[in-house]
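With the sequence up front, the predicted model follows.
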Amino acid sequence: MAATPQNPAASAPRRKVSRHRGEGQWAVGHFTPLNGNEQFKKDDDGLNVRTRIETVYSKRGFDSIDPNDLRGRMRWWGLYTQRKPGIDGGKTAILEPEELDDKYFMLRVRIDGGRLTTQQLRVIGEISQEFARGTADITDRQNVQYHWIRIEDVPEIWNRLEAVGLSTTEACGDTPRVILGSPVAGIAEDEIIDGTPAIEEIHRRVIGNPAFSNLPRKFKTAISGSPLLDVAHEINDVAFVGVVHPEHGPGFDVWVGGGLSTNPKIGVRLGAWVPLDEVPDVHEGVVSIFRDYGYRRLRNRARLKFLVADWGPEKFRQVLQDEYLERTLVDGPAPAQPVERWRDHVGVHRQKDGRYYVGFAPRVGRVDGTTLTKIADLAEAHGSGRVRTTVEQKMIVLDVEEAQVESLVEALEALDLTAKPSPFRRGTMACTGIEYCKLAIVETKARGSALIDELERRIPDFDEPITININGCPNACARIQVADIGLKGQLMLDDRGEQVEGYQVHLGGALGLEAGFGRKVRGLKVTSEELPDYIERVLKRFQAEREDGERFATWAARAGEEALS
């Protein structure tokens with residue numbers, strides 16, 4: 001008998017091997033839970049924990065929470081325990097979960113498409129002030145995150161959010177996460193197609209639906225019809241990117257299998273063009289493939305990107321068409337490369353209706369409840385009832401009359417929310433970091449804010465687009481691999497032989513223009529204290545050596561290691 005994929009031992013010597021249990025794919029009959037996460041999801045749907053929170057845990061307190069709810073199912077409603085204060089980064093991977101847990105929660109409010117009314121923003125700000133010690137961070141997935149949330153207060157927070165059309169449903173967990181959307185959908189002068197109706201229909205079909213509430217891991221979606229490619233589509237599980245088909249007109253190009261963390265992968269095109277009204281069907285098909293064929297055996301291989309890498313885009317498209325859509329998709333063109341290097345919509349821009357939108361830059365996404373309520377007040381005072389969050393930790397006020405623009409810009413500046421930021425203020429992002437995150441090893445938010453000030457002081461003439469992304473651990477929530485300068489937090493020894501916070505450096509990553517991952521220079525690590533010196537040195541070398549019009553990422557790819565050290 002010849003060797004086959006099903007019988008590899010036919011032509012090989014017999015040896016004792018352990019029986020492989022498969023990858024935990026439901027579609028091939030592997031329904032037995034192969035790890036603790038799969039077991040607790042099988043025992044009870046994560047969506048069901050809300051009832052226990054409302055009727056039991058909020059009344060009896062933190063100590064009454066079942067461990068599988070506390071560190072598992074509560075994520076289905078946007079709740080993670082936060083890091084206990086005073087635990088240094090060296091203990092992150094050593095202590096047991098219960099030793100890292102504080103008796104407070106991070107709570108994530110999902111903001112699909114980044115779309116908010118000023119009324120909704122005001123409620124978010126008020127909840128922050130009353131229940132979250134003023135905390136409210138804008139994430140790079142258009143959400144808002146609170147900290148210091150008590151379990152006793154969660155039902156009331158839900159009541160207030162839901163009264164204005166917001167929720168925390170499936171903001172975390174092995175679920176369809178927030179749907180990214182262009183923050184200027186429906187208003188931008190250069191928009192190819194408005195994806196808002198698809199976002200709304202996908203949300204209606206999928207979010208909170210038990211048919212999709214037990215996925216192998218998290219599932220990230222992005223939809224944008226902007227030519228700026230403004231939703232980081234390359235690193236989402238599924239993305240729909242606005243294109244114009246030569247015969248059928250505006251629609252979407254479909255991408256699958258993107259993601260970062262410790263095994264980063266750029267998404268791949270399926271080569272399919274989809275009209276707006278079919279986007280929800282295709283999305284449902286892709287998320288169903290992930291549910292049915294996704295790898296559930298090992299958590300570190302459970303993201304869709306691993307299935308796509310094994311199958312390839314051709315097989316993935318074929319399965320999607322044959323088993324889930326029962327129709328053939330139309331072949332279509334790739335999106336054009338964006339002409340702008342910044343994709344965050346910061347600054348003053350004309351809308352297609354003649355009014356203006358104003359994008360501004362908080363420091364590394366860190367705001368507070370008082371500031372958010374003031375932003376809502378300012379927007380309304382200048383004639384707007386709509387604001388947006390972006391995937392770059394920025395915000396936008398829409399629908400401003402030309403006569404009101406200058407006044408709004410000045411009022412935002414007074415809140416340290418500049419619409420005319422330096423490249424460093426505009427391009428620096430940071431994850432939550434060790435202040436609250438149980439996975440983190442180093443501090444990030446304060447480090448990023450201080451770095452902005454230092455670089456503005458040291459290199460005031462630097463005027464090139466530059467992205468500096470700071471992450472507190474290897475999990476890449478701040479997208480370090482696709483930044484010009486990506487900083488992955490770790491502990492290291494300084495010149496005195498003392499253990500200090502530091503960063504492994506990635507250089508030359510990019511999205512949009514020639515998307516790819518940053519380069520790691522052998523042995524290049526920088527302590528937190530040395531960080532401003534290092535970045536100043538590298539950026540000055542770039543200024544001195546760059547060719548006409550050359551981007552930092554291109555220069556970093558060709559520069560010698562000495563220039564990058």
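Okay, I see it.

Distance-wise, check the nearest residue to residue 427 once chain neighbours are set aside relative to residue 138.
Spatial nearest neighbour of residue 427, chain neighbours left out: residue 467 (4.4 Å); criterion: C-beta to C-beta, 6 or more residues apart in numbering. Where you see a C-beta, it was placed from the backbone N, CA and C, and this is true even at glycine. In this view, residue 467 and residue 138 are 16 Å apart by C-beta to C-beta, to the nearest Å.

again, but for residue 517
Distance from residue 517 to residue 138, counting by C-beta to C-beta: 25 Å.

Please enumerate the strands of the stretch 101-250 of the chain.
Here the stretch 101-250 of the chain has its strands, by DSSP state E, counting those that start in this stretch, at 101-109, 115-117, 135-138, 144-149, 176-181, 219-224, 238-245, 249-256.

now those strands in JSON lines, with distance to residue 537 and mean pLDDT?
Conversion of these to JSON lines gives the following (distance: least, C-beta to C-beta, whole Å; pLDDT from 0 to 100):
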{"stretch": "strand 101-109", "distance to residue 537": "36", "mean pLDDT": "97"}
{"stretch": "strand 115-117", "distance to residue 537": "40", "mean pLDDT": "98"}
{"stretch": "strand 135-138", "distance to residue 537": "30", "mean pLDDT": "98"}
{"stretch": "strand 144-149", "distance to residue 537": "34", "mean pLDDT": "98"}
{"stretch": "strand 176-181", "distance to residue 537": "35", "mean pLDDT": "98"}
{"stretch": "strand 219-224", "distance to residue 537": "35", "mean pLDDT": "98"}
{"stretch": "strand 238-245", "distance to residue 537": "36", "mean pLDDT": "98"}
{"stretch": "strand 249-256", "distance to residue 537": "37", "mean pLDDT": "98"}
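
can you redo those as JSON lines with distance to residue 46?
Below are those laid out as JSON lines (distance: least, C-beta to C-beta, whole Å):
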{"stretch": "strand 101-109", "distance to residue 46": "14"}
{"stretch": "strand 115-117", "distance to residue 46": "25"}
{"stretch": "strand 135-138", "distance to residue 46": "24"}
{"stretch": "strand 144-149", "distance to residue 46": "18"}
{"stretch": "strand 176-181", "distance to residue 46": "12"}
{"stretch": "strand 219-224", "distance to residue 46": "14"}
{"stretch": "strand 238-245", "distance to residue 46": "21"}
{"stretch": "strand 249-256", "distance to residue 46": "24"}
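
will you turn the ones you listed into CSV that also has distance to residue 462 and mean neighbour count?
Shown next, in CSV, are those (distance: least, C-beta to C-beta, whole Å; neighbours: other C-beta atoms under 10 Å):
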stretch, distance to residue 462, mean neighbour count
strand 101-109, 34, 22
strand 115-117, 33, 23
strand 135-138, 25, 23
strand 144-149, 30, 24
strand 176-181, 29, 28
strand 219-224, 29, 27
strand 238-245, 31, 24
strand 249-256, 33, 23
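
wait, what's in contact with the residue most central in space within the chain?
The geometric centre of the chain, computed from its C-alpha atoms, lies nearest to residue 141 (C-alpha atoms, centre = their mean), at 4.0 Å. By C-beta atoms under 8 Å, 6 or more residues apart in numbering, the contact list for residue 141 reads 177, 178, 180, 220, 391.

again with residue 427
465, 466, 467, 468, 484.

Max pairwise distance over those residues: which two?
Using C-beta to C-beta, the two most remote members of these are 465 and 468, lying 11.2 Å apart.

higher neighbour count, these two?
The neighbour comparison of residue 465 against residue 468 (other C-beta atoms under 10 Å) goes to residue 468, with 25 against 16.

in the sheet, who's paired with that one?
residue 428, residue 485 (DSSP bridges).

so it touches residue 483, yeah?
Yes. Residue 468 is within contact range of residue 483, at 6.4 Å (criterion: C-beta atoms under 8 Å).

Common neighbours of those two, please.
Common neighbours of residue 468 and residue 483, using C-beta under 8 Å, 6+ apart, are residue 429.

Next, the contact list for residue 265, please.
Contact partners of residue 265, counting by C-beta under 8 Å, 6+ apart, are 257, 258, 259, 305, 308, 309.

can you tell me how far it sits from residue 307?
Distance of residue 265 to residue 307, computed by C-beta to C-beta: 11 Å.

Kindly report the same for residue 108.
In terms of C-beta to C-beta, residue 108 sits 26 Å off from residue 307.

And for residue 388?
Distance from residue 388 to residue 307, by C-beta to C-beta: 33 Å.

go on, residue 282?
According to C-beta to C-beta, residue 282 and residue 307 sit 17 Å apart.

Where does pLDDT dip in this structure?
Residues of the chain meeting the criterion pLDDT under 70: 1-21, 513.

Please repeat the previous calculation with a cut-off of 50.
The model of the chain has pLDDT under 50 over residues 1-19.

for the stretch 251-400 of the chain, what spans make up the helices?
Taking DSSP state H, counting those that start in this stretch to define them, one finds helices in the stretch 251-400 of the chain at 279-293, 304-319, 369-381.

hmm, I was thinking of the stretch 401-550 of the chain
Assigned by DSSP H, counting those that start in this stretch, the stretch 401-550 of the chain shows helices spanning 402-414, 423-427, 445-458, 531-545.

Buried deepest among the ones you listed, which one?
Of all the helices of the stretch 401-550 of the chain, helix 423-427 carries the top mean neighbour count, a mean of 22, counting by mean count of other C-beta atoms under 10 Å.

Residue 461: neighbouring residues, count only.
5.

if I look at it, how far off is residue 426?
As for residue 461, its distance to residue 426 is 16 Å (criterion: C-beta to C-beta).

which element follows the helix or strand that contains residue 42 toward the C-terminus?
Remark: residue 42 resides in helix 36-43, with elements defined by DSSP states H and E. Sequence order places helix 49-52 as the next helix or strand after helix 36-43, per DSSP H and E.
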